[in-house]
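In: Need the 3D shape of this:
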Amino acid sequence: MLIMGQIQLAASASVQPAIYIPPGAVSVVLYSTVVPTTWLGTSVNMSTANGLVMHTVPTSFNGWMTSKGAQLYALNANTASAFNYILLTDQ
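Out: Below is the predicted model:
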């Protein structure tokens, strides 16, 4: 199944839930259409120092059959932002 969309993030100085990556085989592509102001991570303890910066160049990764899925969290340094995603799953 192909799932595409955009995550809108409110201006906040706090880490906020962003997107859930489903378990099992999945290909993920994440990218921003603006200057990088968003960081992603798998923990509510993430920061701009240890998060993945969302660039305009797509970032991709794969989950395998035994992957358990993960909640990704976002931090946007108190600036409203958005990023796009593409998920390709076997479900």
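
In: separation between residue 40 and residue 80?
Out: Residue 40 sits 16 Å away from residue 80, going by C-beta to C-beta, to the nearest Å. (Each C-beta comes from the backbone N, C-alpha and C, glycine too.)

In: quick one: which of those two has more around it?
Out: residue 40 (20 against 11; other C-beta atoms under 10 Å).

In: so which helix or strand takes in residue 72?
Out: Secondary structure assigned from DSSP states H and E places residue 72 in strand 70-75.

In: list the buried ones in that strand?
Out: Neighbour-count burial for strand 70-75 flags 72, 73, 74, 75 (criterion: 16 or more other C-beta atoms under 10 Å).

In: Relative to it, what are the paired strands and their orientations?
Out: Sheet pairing for strand 70-75, assigned by DSSP bridges, gives strand 16-21 (antiparallel), strand 39-41 (antiparallel).

In: can you list contacts of the last one?
Out: It stands for strand 39-41. Strand 39-41 has contacts (C-beta atoms under 8 Å, 6 or more residues apart in numbering) with 15, 18, 30, 46-48, 50-54, 72-77, 83.

In: rerun that using 6 Å as the cut-off
Out: Outside strand 39-41, the residues within contact range by C-beta atoms under 6 Å, 6 or more residues apart in numbering are 48, 51, 52, 53, 72, 73, 74, 75.
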